[in-house]
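S.K.: Pasting a predicted model and its sequence here:
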Amino acid sequence: MFLTLTLLRKGIPGKQWIGKYRRPRKITWQMQSNMLKHLEREAENEYWISRPYMTEEQEHGHAAERRAENWRKIKEAKFCNFPEHKYVTDHLSHLKITKTWSS
């Protein structure tokens with residue numbers, strides 16, 4: 001099928017780099033070297049990830065104090081912008097201009 005398509009047609013129909021019948025890309029030496037570098041970097045990452053820095057016992061709860069301190073700072077930052085309490089007497093104090101009925 002591909003042989004007849006290439007013999008009977010001028011080229012790839014539509015856009016040549018996308019689609020079902022796209023033109024295959026040639027692999028260059030630079031593409032190969034980039035892929036090798038990528039695979040070497042990935043292998044090194046797997047190597048370092050497979051060897052933990054701390055044991056499971058050391059790791060359990062090691063950042064609890066730091067997280068609690070950060071949370072306390074966040075709460076204080078939110079509460080410092082919080083307005084003071086307002087009472088009903090403050091809102092209705094303008095109504096007590098004359099107290100003729102109580103005096």
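M.R.: Right, received. Where do you want to start?

S.K.: going forward, measure contacts and count neighbours with C-alpha atoms only.
M.R.: Will do.

S.K.: Tell me, what's the model's pLDDT at Ala77?
M.R.: pLDDT for Ala77: 90.

S.K.: before we move on, what about Leu95?
M.R.: 81.

S.K.: Quick one: name whatever helix or strand follows the helix or strand bottoming out on mean pLDDT in the chain.
M.R.: Lowest by mean pLDDT, DSSP states H and E among the helices and strands of the chain is helix 2-8, with a mean of 69. Next along the chain after helix 2-8, taking DSSP states H and E as the criterion, comes helix 29-49.

S.K.: Quick one: mean pLDDT over that following helix.
M.R.: On average, the pLDDT along helix 29-49 is 97.

S.K.: next SSE after it?
M.R.: Heading C-terminal from helix 29-49, the first helix or strand you meet, by DSSP H and E, is helix 56-59.

S.K.: which residues does Ser33 contact?
M.R.: Taking Cα atoms under 8 Å, 6 or more residues apart in numbering as the contact definition, Ser33 lies against nothing.

S.K.: what about it, distance to Glu44?
M.R.: 16 Å (Cα to Cα, to the nearest Å).

S.K.: can you check Lys20 too?
M.R.: 36 Å.

S.K.: which one of those two has more residues nearby?
M.R.: More crowded of Lys20 and Glu44, by other Cα atoms under 10 Å: Glu44, with 12 against 8.

S.K.: Give the burial count for Arg22, as a bare number.
M.R.: Arg22: 13 surrounding residues under other Cα under 10 Å.

S.K.: For it, what are phi and psi?
M.R.: phi -90, psi 160 (degrees, to the nearest 10).

S.K.: what's the closest non-adjacent residue to it?
M.R.: Gln16 (5.1 Å; Cα to Cα, 6 or more residues apart in numbering).

S.K.: Would you confirm that that neighbour contacts Arg25?
M.R.: No - under the criterion of Cα atoms under 8 Å, Gln16 makes no contact with Arg25, lying 10.2 Å away.
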